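Novice: Any chance you could fold what I've pasted below:
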Amino acid sequence: MRLVVLSGAGISAESGIPTFRDALTGLWARFDAERLATEDAFRADPALVWGWYRWRAAMVAAAAPNAAHVDVAALARDGHALTVVTQNVDDLHERGGARDVLHLHGRLLASRCNGCGARITPDPILAAPSPPEGGTRETPPACTVCGAAFRPDVVWFGESLPADAWDAAEAAVDACDLLVVVGTSSLVWPAAGLPERALRAGTPMLDINPQATPLSSRATAHWPLTATVGMAHLRARLQQTPDDAMHVLAR
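Specialist: Numbering: from 1, shown residues only. So this is what the prediction gives:
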């Protein structure tokens, strides 16, 4: 079966990764995450923004994939054609064993020059020493090619999604037999447009989320489960009936 898994923050919460709006503690409790995650904020105070992202990157790098990430990756080993489309920036899908992963919002554990896009190895966003708990201001390194500052390789508010990842995600959704939406509120656009695309095409869709979302009542099935429990249940169902999406989703 051709499967697309669209994941959000809920799948990583069980790895101890706080959601974006919950991530501000300690020194950062007085800052608004949405104001830090912009080009304007970086230009106004690059040391503040770089320091915050360095702290977040260290926290994410220390986390481990959970059972949901492992079960998502196992779908490919079970013989399904799997594409993972994630709104997360933590690389936990790859660390859980997934191979075909499309990052709509970029990657926190990578950085690039804000001017020319150059990258260097080792990546400075993970350079030792790691920032202390709560983070600290830290001047970002300058690019040796153009002199501009390095920035985290994430999509900031007001920026476009990476065109190659978005085009590939749309193509994967158009071709899939089952779209699995796990751990996302389905409120963040344009990523929320992918389930809408599947709905218009009549593609079977499963929403795995402990709470109902705006998508839940419109999906083929809504399983009010955590990501780890829901993915284990889905994998077991697929092993029983690997070629019939509607039967997999039937009560």
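
Novice: can we go C-alpha only for contacts and neighbour counts from here?
Specialist: Will do.

Novice: Would you state the strands of the stretch 1-150 of the chain in chain order?
Specialist: For the stretch 1-150 of the chain, the strands defined by DSSP state E, counting those that start in this stretch occupy 2-7, 81-86, 101-103, 106-113, 150-154.

Novice: After the last one, heading C-terminal, what element do we hit next?
Specialist: This means strand 150-154. The element immediately downstream of strand 150-154 (helix or strand, assigned by DSSP states H and E) is helix 163-175.

Novice: Please work out the average pLDDT along that next one.
Specialist: Regarding helix 163-175, the rounded mean pLDDT is 98.

Novice: what does stretch 213-227 give?
Specialist: On average, stretch 213-227 scores 95.

Novice: likewise stretch 47-62?
Specialist: 91.

Novice: hmm, back to that, so which of the strands of the stretch 1-150 of the chain gets nearest Glu39?
Specialist: strand 150-154 (9.6 Å; Cα to Cα).

Novice: Let me know the pLDDT of the closest residue to Ile120 other than its chain neighbours.
Specialist: With Cα to Cα, 6 or more residues apart in numbering as the criterion, Ile120 has its nearest non-adjacent residue at 7.7 Å, and that residue is Arg112. pLDDT, Arg112: 97.

Novice: beta partners for Arg112?
Specialist: Beta-bridge partners for Arg112, by DSSP bridges, are Arg151.

Novice: Of all the strands of the stretch 1-150 of the chain, which one is nearest Leu179?
Specialist: Using Cα to Cα, the nearest of these to Leu179 is strand 2-7, at 4.9 Å.

Novice: what does the average pLDDT come to for that closest one?
Specialist: Mean predicted lDDT for strand 2-7 stands at 98.

Novice: How about stretch 119-126?
Specialist: Stretch 119-126 carries an average pLDDT of 95.
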